[in-house]
Structure formats: structure tokens, C-alpha cells
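A.B. asks: the amino acid sequence is not available; the structure is as follows:
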């Protein structure tokens, strides 16, 4: 085989490897965001809902493949494979309209690069890109007369017209959607945030802390997750000024102007503190901001919150939803409560110790009220106590700090031993 015959394929292979390497090693956390920010159920009733959408085939296939992003290395591999196939299909289409072979391959490689640029948008869904792939497939079929050619030229022309009349509307119905995406550069700031958030979510806390400490200028979101981990390790007062800006998340007021990022962050805070009612509320709000109001990570959180709160009928509703997913079905089965009402997960059992047992009525979700309510219900909730005292410290409320020390700290722990608490309390 001549070098000039295989050179275009080598160029395609090199382009594919470049795209895979970038997405796998520099943009991998965008895949977890896309996977968690949707919900795909393996049930006939759920699949039937796609037929009411534009580009139903592209969106169904895209959502099915997106759920596989949950698995390590799957996201970059799936996306690169689809981009490569799309590029080769575009090359094939150019050849069918008599474009010379070298130029056709250059066009295919250009298509691959443009496709990668579309997928730099973390909100860009795989179904949107598959609609382009599907339309290319439709055009290839329409420009391939050999498989329908009959002996007589007239009958061949008639058959070609019939195929065009059938395939073009069918392809539009299955794959066309108005919003095909927009080209953009990689957003490394968003990727860095998604990395910190994902490391926290997957429990890789030591790695997350190291990443934040390596940042020359940590963002407020990175600082939030740093302090959230340290609070759960009971080290919050020791490191309260270690990462700037200091962001505990206790000063956020969730309302109509809150961003999805803030809603998700505060939801993590409430869950760590043990307030399952507000953790459930933030999970529902996060679902509202998700495409089609579906978010598998938040469905999992709704199940967790109700398991900790002891509302098993509500928890089972969400667990049964997760039963119909590929990535979370095993988790759903493993976290069903035992017959005696005990939770199988040790971490969820530990959270139950600090959850509010009694009904409470709140006029707002002011975090100070949340923290004091948690401490009234369980004075040993050390995470809530440290957040309360450290919030007093960062806002400069000295009188409030002294009052909270006397009311919540000293009756349980005696005189403070933490250097920061001891110094402030003496002064």
C-alpha cells in the first residue's frame, strides 16, 4: 500500500489521539458534570417520552451514552469515537459530491476539530452533536444511488426519488434540532471548579485539598470545598485563614437570584451539617435548573436525605428511580434500609446521629438559624458548632461569638482548647 493512500488515515488517527488526550487529561471533569446533570432510565415509559421531542433519536442515543461518562476513561473515549466517525462521514460525503480525496480528508479533519470546539461547552449535550452525525448519515444515504440502482435508468431515477422522499423527512424527524451548539475555547476556569467539586463528591478529599493549596489564587468555590472538608475533619478553627478568600458558605442567601453553583454548594453544606430538610430543598432546586428538570446526582441526594431523615417511603421512591439507571442501580440496591430500619451505609448512619428529629418551623433559611437549630437538637454536632463560631469570627461579631461560646461550646466541651477559640475567648 502506498504511503499517499494511508497518509490521510494517519492524519485522522493523530487528530483523534490529540482530541482524546486533551479531553481525558485536561478536560475530564466536564464529563462527570454532563453525566450527573441528566437522568436516563432504562424503562419503556421513560424512553417513550423522547418521541415528543425534536431530534428524538439523537437525544435518546446521546443521553444513553452520556450516562456512561460515570465510568473512568469512558467519557473521552466515547466522545472521541463519535467525533472521529463524524469526521469520516463528512469525508465520505465530500467524496460523493466529487471533492478530491486529499481535500475531502482535510475537510473531515476540520470537522473533527470543530466538533471538539463544540464540546468545550460544558452545557453542550451529546444529543446535540449526534444530531449533526445523524444528518450527515441521511445525506450520505441520499447521495448513494448504487444500492437502489435498477437495470433500467427510468426505474433507477424513480427509486432514487422514492428514497429521497422517505429518507429526508425521516432524517429530519429523527435528527434535526434548531440548536446545534456554538464554537468556543476550552473554559479552564469552569474545568478547575468541576475538578474540585468532583473530587469532593467522589470522596477524594486529600487530593482535593492538595489541589486547592496549590492554587496561587483560589476561587471562592474552591475555598468553600476546602473548608467544608476541614470542618468534617474537625479542623476548621485551625485552618480558618489558611485559604483566601475565606468562604464558609454560611453567608449565602438562596433565592431567585442564586446561581446553580451556589445552590449546589449550599446543598452540600446543609447535607454535611445534618439538615436533611434543607438539603432536600436544595436538591430539588438544583433539579429545576437541570435540562428537562432531571439530575441523577440530585435524585441520589434526595434518596440520601430521606434515608437519613428516616422517611423510607420517600427514599424508596428515589431508589426505585435509580434502579432503572445503569451507573447507580447497584448503589440503589446496596442502600435500601434493613428490616430493622438501620442504614447499610456507615456514612449515612453517622449523619443520622446529627439529623434533626423533631418537626421544625422556619420563616427563612438564614444559616445562623439553621446552625442554632441543629445545635439545639444535638449539642454534639461539632461541624455545626465550628461553622457557627467561625462565621461569628469572619464577620467580626465578637459579642455574638462570646455568647455562642457560652451557650453551645462550654456546656459540652468546657474551656476551649483550640488556639483560635482560646485566644478570642480570653480577649
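C.D. replies: Alright, I've got the coordinates. Note that the structure is a prediction, hence the values are computed from the model and not measured. Numbers count the residues shown, from 1 in each chain.

A.B. asks: thinking residue 183 is in contact with residue 117, fair?
C.D. replies: Yes - if you go by CB atoms under 8 Å, residue 183 and residue 117 touch, sitting 4.4 Å apart. In this view, the C-beta of every residue, glycine as well, is placed from N, C-alpha and C.

A.B. asks: looking only at neighbour counts, state which of those two leads.
C.D. replies: Between residue 183 and residue 117, counted using other CB atoms under 10 Å, residue 117 has the larger neighbour count: 16 against 12.

A.B. asks: shaky segments in the stretch 301-427 of the chain?
C.D. replies: When residues are selected by pLDDT under 70, those of the stretch 301-427 of the chain lie in 357-364, 427.

A.B. asks: so where do the helices sit in it?
C.D. replies: 312-323, 329-334, 346-352, 367-377, 382-394, 398-404, 410-413, 419-426 (DSSP state H, counting those that start in this stretch).

A.B. asks: dump these to TSV, plus mean neighbour count and distance to residue 122.
C.D. replies: Output for these, formatted as TSV (neighbours: other CB atoms under 10 Å; distance: least, CB to CB, whole Å):
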stretch	mean neighbour count	distance to residue 122
helix 312-323	18	24
helix 329-334	14	24
helix 346-352	14	28
helix 367-377	20	28
helix 382-394	23	30
helix 398-404	15	40
helix 410-413	12	44
helix 419-426	14	38
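
A.B. asks: among those, which comes closest to residue 205?
C.D. replies: Distance to residue 205, taken as CB to CB, is lowest for helix 346-352 among the helices of the stretch 301-427 of the chain, at 12.4 Å.

A.B. asks: what about the helices in the stretch 101-250 of the chain?
C.D. replies: With DSSP H, counting those that start in this stretch as the criterion, the stretch 101-250 of the chain has helices spanning 101-118, 126-142, 153-175, 188-201, 205-214, 220-232, 236-239.

A.B. asks: which of the ones you listed has the lowest average pLDDT?
C.D. replies: For those, the weakest mean pLDDT is recorded on helix 153-175, namely a mean of 74.

A.B. asks: on that earlier part again, wait, which of the helices of the stretch 301-427 of the chain is closest to residue 29?
C.D. replies: Nearest of those (CB to CB): helix 329-334, 20.2 Å.

A.B. asks: distance between that closest one and the chain's centre?
C.D. replies: Here the centre of helix 329-334 is set off from its chain's centre by 19 Å, with CA atoms, centre = their mean, to the nearest Å.

A.B. asks: what is that helix packed up against?
C.D. replies: Packed against helix 329-334 by the contact rule (3 or more CB pairs under 8 Å, 6 or more residues apart in numbering; DSSP states H and E) you find helix 312-323.

A.B. asks: so how far is the helix it packs on from its chain's centroid?
C.D. replies: On CA atoms, centre = their mean, the centre of helix 312-323 falls 20 Å from the chain's centre.

A.B. asks: now for it, which elements pack on it?
C.D. replies: So helix 312-323, by 3+ CB pairs under 8 Å, 6+ apart, packs with helix 296-309, helix 329-334.

A.B. asks: now the helices of the stretch 101-250 of the chain in TSV, with distance to residue 272?
C.D. replies: Formatted as TSV, the helices of the stretch 101-250 of the chain follow (distance: least, CB to CB, whole Å):
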stretch	distance to residue 272
helix 101-118	36
helix 126-142	32
helix 153-175	44
helix 188-201	10
helix 205-214	12
helix 220-232	6
helix 236-239	11
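
A.B. asks: out of the helices and strands packed on helix 312-323, indicate the one that is most buried.
C.D. replies: helix 296-309 (a mean of 24; mean count of other CB atoms under 10 Å).

A.B. asks: check which helices and strands it sits against.
C.D. replies: On a contact count with 3+ CB pairs under 8 Å, 6+ apart, helix 296-309 meets helix 29-36, helix 260-273, helix 276-288, helix 312-323, helix 346-352.

A.B. asks: redo the ones you listed as a markdown table? Include distance to residue 23.
C.D. replies: Below are those laid out as a markdown table (distance: least, CB to CB, whole Å):
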| stretch | distance to residue 23 |
| --- | --- |
| helix 29-36 | 8 |
| helix 260-273 | 22 |
| helix 276-288 | 25 |
| helix 312-323 | 27 |
| helix 346-352 | 31 |
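
A.B. asks: residue 82: which of the ones you listed is closest?
C.D. replies: helix 29-36 (13.0 Å).

A.B. asks: any idea of the mean pLDDT for the closest one?
C.D. replies: 97.

A.B. asks: for it, packing partners?
C.D. replies: Using 3+ CB pairs under 8 Å, 6+ apart: helix 29-36 touches helix 74-96, helix 188-201, helix 296-309.

A.B. asks: recalculate using a threshold of 7 Å.
C.D. replies: Here helix 29-36 touches helix 188-201, going by 3 or more CB pairs under 7 Å, 6 or more residues apart in numbering; DSSP states H and E.

A.B. asks: buried sites along the helix it packs on?
C.D. replies: 190-201 (16 or more other CB atoms under 10 Å).

A.B. asks: as CSV, those residues with distance to residue 239 would be great.
C.D. replies: Shown next, in CSV, are these (distance: CB to CB, whole Å):
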residue, distance to residue 239
190, 26
191, 26
192, 21
193, 21
194, 24
195, 21
196, 16
197, 20
198, 22
199, 18
200, 16
201, 21
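
A.B. asks: of those residues, which is the nearest to residue 238?
C.D. replies: So of the buried residues of helix 188-201, ranked by how close each gets to residue 238 (CB to CB), first place is residue 200, at 19.5 Å.

A.B. asks: contacting residues for that closest one?
C.D. replies: 208, 225, 229 (CB atoms under 7 Å, 6 or more residues apart in numbering).

A.B. asks: repeat the analysis, applying 10 Å as the threshold.
C.D. replies: Residue 200 makes contact with 207-209, 224-226, 228-229, 265, 268 under the criterion CB atoms under 10 Å, 6 or more residues apart in numbering.

A.B. asks: next: residue 391.
C.D. replies: 246, 248-251, 367-368, 371, 397, 400-401, 404.
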